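Asker: got a predicted structure here, sequence first:
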Amino acid sequence: MAANMRGLTQFIADIRGARVRELEEKRINKEMANIRKKFKDGNLDGYQKKKYVAKIIFTYILGYKVDVGHMEAVNLISSSKYSEKQIGYLAVTLLMHENSDFLRLVVNSIRKDLDENNEVSNCLALHAIANVGSSEMAEALSEDVHRLLISPTSQTFVKKKAALTLLRLYRKHPTVIPAAEWALRLVSIMDDQDLGVVICVTSLIMALAQDHLDAYAVCYTKAVDRLHRLVIEGEYSATYAYYKVPSPWLQVKLLRLLQYYAPSEDATLRSVLHEVLQTIMNNSAEPSRNVQHNNAQHAVLFEAISLAIHLDASSPLVGTSAVLLARFISSKETNVRYLGLDTMAHLAARADSLEPLKKHQGTIILSLRDKDISVRRRALDLLYSMCDTDNSELIVGELLRYLKVADYALREEMVLKIAILTEKYANSYKWYIDTILQLISAAGDHVGDEVWYRVVQIVTNTEDLQEYAAKVVFEHLKSPSTHESLVKVGGYILGEYGHLIANDTGYSPLEQFQVLHSKSQFCVASTRSLLLSTYIKWVNVFPEIKPQLINIFERYRHVLDAELQQRACEFYSLASRPDDDEVLQNVCEEMPPFPPRVSALIGRLNRKLGDTEDKRTWIHGGKEMNLERHANSRKATLPGSSAPGTATVTGTADAQDVMSSLAGLNLSSSGDQPDSSRVDGSVVAPRVAVGPSVEKWFNKLTYSAEGVLYEDVQIQIGIKSRYQGHLGQLAIYLGNKISVPLTSFTSTIHVNDSEALSATFAKIPPNTLVPRTQSQQLLHVECKKAFSSFPILTVSFLAGAHQSISIRLPISITKFIEGVKLGQADFFERWKVIGGPPREAQAVFPITLDGTGQLDLVRYRQVVSGNHLEILEDVDPNPSNLVAAGVLHTSVDGKVGCLLRLEPNREAKLCRLTVRSTSEDVAAEVLRLIEKLLRLDSS
């Protein structure tokens, strides 16, 4: 830059040649005066503006305040020359903060550069947006950045910069980015051919998915598929192999992304993931001599172990992981020890049994004395997580010993963790009191008020502990140096329960008073106030030391502190009342037990640790605490609770009246189209495609085994199915009808009630449909219980633009019915045994006759038999009537019998359909399905 501008080169040389600061300032002031004059005179060409703005930038970088050149920098951005545009953008990003008024002037210029078909201009504009990133700029330009990212004509390095720019904007202004709206389009870029683009987009999706899990759920399949292609199939270019490890950065990001979601119920995905994780662990079994290779391999391995723990803490993979981690925590490399301890803490937070970790307890305790503070901190976290009733005394004892020599940066956290472990795993209250008082004595200023508050609560609520606590705290107060927190605990406990030990040798009222009062002169005003409260309680129970106590009240009546003075005056007045006065006794009654409450210590610890930008999927503290955290987080996302970013509306009486007046109306859409607001867990069902042809194809497939399910100008979807018992298999044929490939192809299944029906693909679907060919995907389904809603197949792909199609799959409970042959006597006997409502469902509906004016009996038989019911001949004396029987197979509820009678009446043009079943839900659903088809035939 400076080589092409001699004036700038000379200016830099002069500055560097200045031997003292005064000479430097003189040269800069002279140059700034010259620049101001040139700018004021005007008529500067692009080269001169560029040169002077470059000098201003250099001056700013040296640390001098700059108040000139902003407008010229804005003008340079609009230049058509790269060198001038570059200097303009550099000046804008350095000289202007995000609230600068000048930024409004550059938004249009930046938008113009984003719209240009010039990758250099695109990149300069993206740099400026990411570096400045003001709220106004984010609102105005986020759509343009997104367009650059998804454009098929954008260069790969432009896409990478666009993804990272959106990530920067989202972190600064999350409300500006419509994350849920862009979800499917952004996730589709995870299939990009260039791994660099995939890495950048995955970083963006990791940030977005943490706050919008449901919207980005489709990324789970993409991540598993990409990992399989990287690790198992070796699908990557040599450019992205780092010391023979395939793109470790991408692997780590994908493994971390999968941990944000609950383990998938899809057996295919679980199988593929298991294979990937097993391969990663096998590759890392033997360390290499190459340090860089080891580092890359270990980075992937530790994330893989974390994912294995997240998926199933009792799997064989986790057993293998525990063996590897034991080796790592003894490694000579600090980084490996650190990651080993951290990952082992994750295992302790999720594992059902801590026995594999307890084998290495000695090594972990030794890590508390590691030379690196980060390793010491991770060792503390691990000991905290792996503590239980069996090893609590050993671990707490070790932590107390280490506390005396621990770094000051660690002490406050250590105190909280020791206090939590002591309370949670105490085998006896006496051990609890001994340990906590020892902790308060040793930790000093690092003990927060929450610790001694909790001691007071437990002692007050535990009657058997009160006498022992009074004795122990008295002994601690006798030591020459006592911390103020201990004086507070002693003041409260001796004030409430000192009378329980007053008759024992060495614990007389006078001795208690002398020990406690001797500490008061070293305490702050708030502690002295507490001690005055202790003294007034003693006036009530220890009349023998009343004169000394009144004397203290008299002295404190004249102190400057308002709180102390007020207490002393009030207590002096109370203590001076006659002995037979009951006011003092009523005021100084023993404290009642505290209401049960959750310890504030855990909340304090969680607030102290907090969340980073990459939110943790687990916390230190064992399985119990993690299950509780998971339950709390699920409560926070229930419809009744107010989650971040949502508004809860409280209905008024007027609103309730309006809704009650509409109680009898069906406000849902007509037909059997699934309601898009129905949820599974918290996942909103996709909105299905509609149209006369789509409905016609779907209805036909509900009673036939094969046919077209959906078709448009680009894609055709066909079905071929077979069912046996409670299991079924659908072959879904996906045909690409156009002359270009359908890329980033994704197929997902949404099931409303996963406890009643499961549907999983046999393998991960391919991500590309080549032109004018057909691909087959096998879908395995299992009926567990009766269900009433159809699963929804969603296919999305890129064909110029991103497109998504959601269609219902013709999978109903009648598909799992097996026809049964019955004689006339058997049929009517079972018909009577089942009886009427509620196990009978009946409907009467109009029908139309065929062209000859007769009943369309062939059609009726086709519909009934197509729903897998066996039509029984010669059972009903009326030849127009149909009688059928079948058994529904389910894996959970077993077999459910189902009988059907169809009675059409040609004269009345009506039909009565009756279904009886041993399950009222099955009867109602079979009636609904068959009635709908017969009504359609009649309409």
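Answerer: Sure, I can see it.

Asker: over to the nearest residue to Trp618 once chain neighbours are set aside: give its phi and psi.
Answerer: In this structure, Trp618 finds its nearest non-sequential neighbour in Ala349, 4.7 Å apart by CB to CB, 6 or more residues apart in numbering. From N, CA and C alone the C-beta is placed, and that goes for glycine too. Dihedral pair for Ala349: phi -80, psi -10, per degrees, to the nearest 10.

Asker: isn't Ala349 up against Cys387?
Answerer: No - with contacts counted by CB atoms under 8 Å, Ala349 stays clear of Cys387, the gap being 11.7 Å.

Asker: is the residue of the chain most remote from its centre in a helix, a strand, or coil?
Answerer: Farthest-out residue of the chain from its mean C-alpha position, per CA atoms, centre = their mean: Pro578, at 65.3 Å. Secondary structure, DSSP: H, G, I helix; E, B strand; the rest coil: Pro578 is coil.

Asker: just for the chain, where's the confidence low?
Answerer: 1-4, 597-599, 602-604, 606-616, 621-684, 936-939 (pLDDT under 70).

Asker: could you count how many residues lie near the residue nearest to Trp618?
Answerer: By other CB atoms under 10 Å, 27 other residues sit near Ala349.

Asker: just the one 4 residues further on next, same as before
Answerer: Under the neighbour criterion other CB under 10 Å, Ser353 is assigned a count of 10.

Asker: ok, Glu554 next?
Answerer: As a burial measure, Glu554 scores 14 neighbours (other CB under 10 Å).

Asker: other SSEs contacting the host helix or strand of it?
Answerer: Here Glu554 sits within helix 546-556, counting by DSSP states H and E. Judged by 3 or more CB pairs under 8 Å, 6 or more residues apart in numbering; DSSP states H and E, helix 546-556 is in contact with helix 509-520, helix 525-541, helix 562-575.

Asker: using TSV, lay out these together with mean neighbour count and distance to Val375.
Answerer: Listed next are the helices and strands packed on helix 546-556 as TSV, based on neighbours: other CB atoms under 10 Å; distance: least, CB to CB, whole Å:
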stretch	mean neighbour count	distance to Val375
helix 509-520	18	39
helix 525-541	19	38
helix 562-575	17	46
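
Asker: let's have the ones you listed in CSV, adding distance to Lys359.
Answerer: Formatted as CSV, the helices and strands packed on helix 546-556 follow (distance: least, CB to CB, whole Å):
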stretch, distance to Lys359
helix 509-520, 46
helix 525-541, 46
helix 562-575, 55
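
Asker: of the ones you listed, which is nearest Val708?
Answerer: helix 525-541 (80.4 Å; CB to CB).

Asker: tilt between that closest one and helix 509-520?
Answerer: With axes from the mean of the first three to the mean of the last three CA atoms, to 10 degrees applied, the angle from helix 525-541 to helix 509-520 works out at 170 degrees.

Asker: if we can go back for a sec, nearest to Glu275, of the helices and strands packed on helix 546-556?
Answerer: Of all these, helix 525-541 comes closest under CB to CB, at 62.6 Å.

Asker: in PDB, could you pull the C-alpha coordinates for the closest one?
Answerer: The C-alpha trace of helix 525-541 is given here as PDB (Å, rounded to 0.1, in the frame of the first residue of the first chain):
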ATOM      1  CA  ALA A 525     -21.200  -2.800  62.200                       C
ATOM      2  CA  SER A 526     -23.500  -5.400  60.600                       C
ATOM      3  CA  THR A 527     -21.900  -8.200  62.700                       C
ATOM      4  CA  ARG A 528     -22.100  -6.100  65.900                       C
ATOM      5  CA  SER A 529     -25.800  -5.600  65.200                       C
ATOM      6  CA  LEU A 530     -26.300  -9.400  65.100                       C
ATOM      7  CA  LEU A 531     -24.300  -9.700  68.400                       C
ATOM      8  CA  LEU A 532     -26.600  -7.100  70.100                       C
ATOM      9  CA  SER A 533     -29.500  -9.400  69.100                       C
ATOM     10  CA  THR A 534     -27.700 -12.300  70.700                       C
ATOM     11  CA  TYR A 535     -27.200 -10.300  73.900                       C
ATOM     12  CA  ILE A 536     -30.900  -9.400  74.200                       C
ATOM     13  CA  LYS A 537     -31.800 -13.100  73.900                       C
ATOM     14  CA  TRP A 538     -29.300 -13.800  76.700                       C
ATOM     15  CA  VAL A 539     -30.900 -11.100  78.900                       C
ATOM     16  CA  ASN A 540     -34.000 -13.300  78.800                       C
ATOM     17  CA  VAL A 541     -32.300 -16.700  79.500                       C
END
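
Asker: list of residues touching that helix?
Answerer: 484, 487-488, 491-492, 494-496, 498-499, 502, 509, 512-513, 516-517, 520, 523, 545-546, 549-550, 552-553, 556, 561, 563-564, 567-568, 571, 574-575, 584-585, 587-588 (CB atoms under 8 Å, 6 or more residues apart in numbering).

Asker: in the stretch 201-350 of the chain, which spans are helices?
Answerer: Counting by DSSP state H, counting those that start in this stretch, one finds helices in the stretch 201-350 of the chain at the ranges 219-227, 248-258, 267-283, 291-311, 316-328, 334-350.

Asker: turn the ones you listed into CSV, including distance to Leu439.
Answerer: What follows is the helices of the stretch 201-350 of the chain, written out as CSV (distance: least, CB to CB, whole Å):
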stretch, distance to Leu439
helix 219-227, 45
helix 248-258, 36
helix 267-283, 41
helix 291-311, 31
helix 316-328, 30
helix 334-350, 22
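
Asker: do you know which of those lies nearest Tyr710?
Answerer: helix 219-227 (20.7 Å).

Asker: which helices and strands sit right next to that closest one?
Answerer: helix 195-211, helix 248-258, helix 267-283, strand 743-750.

Asker: closest to Ala731 out of these?
Answerer: Closest among those, once you apply CB to CB, is strand 743-750, at 13.0 Å.

Asker: in its sheet, what does that closest one sit against?
Answerer: In the sheet, strand 743-750 lines up against strand 792-799 (antiparallel) (DSSP bridges).

Asker: what's the first helix or strand after the partner strand?
Answerer: strand 801-808.
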